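Undergrad: give me coordinates for this.
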Amino acid sequence: MKLYKRKVFDKIQPYLGDETVIVLHGARQVGKTHILFYIQDWLLIKDKKVFYYDLEYPELLADLNRGVEVFVSDLAGKGYIGKEEIYVLIDEIQYLDNPSSFIKIIADHYKNIHLIVSGSSTFNIKSKFKDSLAGRTTSFEIFPLSFEEFLEFKGISTDPSLVTSPSGILNLKASYTEFVKYGGYPKVVLEKEEEKKKRYLQQVIDTYIRKDIRDLAKVEDINKFNNMLKVLASQSGNLLDLRSLSRETNISLPTLSKYLSILEETFVIKRISPYSKSPSVEISKNPKIFLFDSGLQSILWLNSFQGSHLGTIFETNIFGELVKNFGRQTVHFWRTKTQVEIDFIVENEDGSILPLEVKTNFQQFSPKVVKLFCKKYKIESWKIIGLEGNKIEPNGFYPWEI
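TA: Numbering: from 1, shown residues only. Sure thing, here's the model as predicted:
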């Protein structure tokens, strides 16, 4: 199996060998296991002693559930000697009965054991992670492939001398169209047949429902949960109206709030808040809702891939790229009481803000609203993201330029 380097490895690498536990968390099948294998190979090249545990195997899970002493004893049986420095990689750690206690004991009492763990559910599923891990972990969110990674996985050159030519831009447009259509799940990207791509994403959905939702989150009415997922997929990029969603899905408001939190904690959706320095003047508190992956959205919503761009699917894809590049907490939108709206507002680390409008075709864009926003907040820079039509200068740019 070829191991591809993910961009997040450059962020992880400086922490390898630290006393804190490294935690990789994200949705199912976004490549966490692949990253663990890549880390394992990198450590072995550095002549480090590495042990790998996959808790999908019931016998390994049973051993680790018996406690840290049994775990250390098992390591000794595999060649661990005393207090030597070792690296232990544990995949799917959320399956442990009490994963936070396990991590806490290792972090506090076995500082020579460098633990690197992955979990398909975040540590916010309170029923599984009860102890505070503050100061003991360094967490990294893993998302589906970015477009840059998509190109690498597909073996497409990103040499600037090639991609900036007219033919290079046409090739990038074709690649990005494919990226929007099928999304960024690694196995989907590498699969060549469309029917197999569809079947694989359906398997991701089914496994997620069966393991994370039914087993971990203890959701009882799976049919209602499934229906809610389809409705949310159809509304990706729209304002979230809880009362309307409750009526449409026949799910009570308290239960709906619980389900939405689970979906966020398992990296399926994200509620983004409106950007405002004057809440009394601008829109109410309703967030927008987005899925993280455009391919997954298509299968959940339409049960097929779209041959042409639907605006909402393209916008979902751009949202995913913004999150991968800037972080989940930096992306907002702007909307006034008169329903004047800008698709995305990105808050940069230096405190500056960047308004972004998304159109499948540049010629669909009118600068009136974004100029209103810039005047209101006294900023000069804004961008329009498009894929088709004539690129608008100097503010227009293609998605791969994010």
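
Undergrad: just the buried residues of stretch 209-220, please?
TA: Within stretch 209-220, the residues scored as buried using 16 or more other CB atoms under 10 Å are 209, 211-213, 216-217, 219. C-betas here are computed from N, CA, C, even on glycine.

Undergrad: my error: substitute stretch 360-379 in the last question.
TA: For stretch 360-379, by 16+ other CB under 10 Å, it's 360, 362, 365, 369-370, 373-374.

Undergrad: any low-confidence regions in the stretch 51-200 of the chain?
TA: The stretch 51-200 of the chain contains residues with pLDDT under 70 at 121-132, 162.

Undergrad: for it, just list every one of the helices.
TA: Secondary structure of the stretch 51-200 of the chain (DSSP state H, counting those that start in this stretch): helices located at 58-65, 68-77, 99-109, 147-154, 160-163, 166-182, 186-190, 194-207.

Undergrad: mind putting the ones you listed into a markdown table with mean neighbour count?
TA: Below are the helices of the stretch 51-200 of the chain laid out as a markdown table (neighbours: other CB atoms under 10 Å):
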| stretch | mean neighbour count |
| --- | --- |
| helix 58-65 | 14 |
| helix 68-77 | 14 |
| helix 99-109 | 18 |
| helix 147-154 | 19 |
| helix 160-163 | 12 |
| helix 166-182 | 17 |
| helix 186-190 | 19 |
| helix 194-207 | 16 |
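
Undergrad: CSV please, covering those helices and showing distance to K378.
TA: Shown next, in CSV, are those (distance: least, CB to CB, whole Å):
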stretch, distance to K378
helix 58-65, 56
helix 68-77, 56
helix 99-109, 46
helix 147-154, 32
helix 160-163, 34
helix 166-182, 33
helix 186-190, 42
helix 194-207, 44
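
Undergrad: which one among the buried residues of stretch 209-220 gets closest to S252?
TA: Nearest to S252 among the buried residues of stretch 209-220 is V219, at 13.4 Å by CB to CB.

Undergrad: in three-state terms, label that closest one for me.
TA: coil (DSSP: H, G, I helix; E, B strand; the rest coil).

Undergrad: grab the nearest non-local neighbour of it.
TA: Closest residue to V219 apart from its sequence neighbours, by CB to CB, 6 or more residues apart in numbering: I213 at 4.8 Å.

Undergrad: and that neighbour, what does it touch?
TA: Residues in contact with I213 (CB atoms under 8 Å, 6 or more residues apart in numbering) are 219, 222, 225, 262, 266.

Undergrad: which of these count as buried?
TA: The buried subset of the contacts of I213 (16+ other CB under 10 Å) comprises 219, 225, 262, 266.

Undergrad: where's the residue nearest to V219 relative to S261, distance?
TA: 12 Å (CB to CB, to the nearest Å).

Undergrad: now do H34
TA: 28 Å.

Undergrad: P287: how many residues sit nearby?
TA: Residue neighbour count, defined by other CB atoms under 10 Å, stands at 16 for P287.
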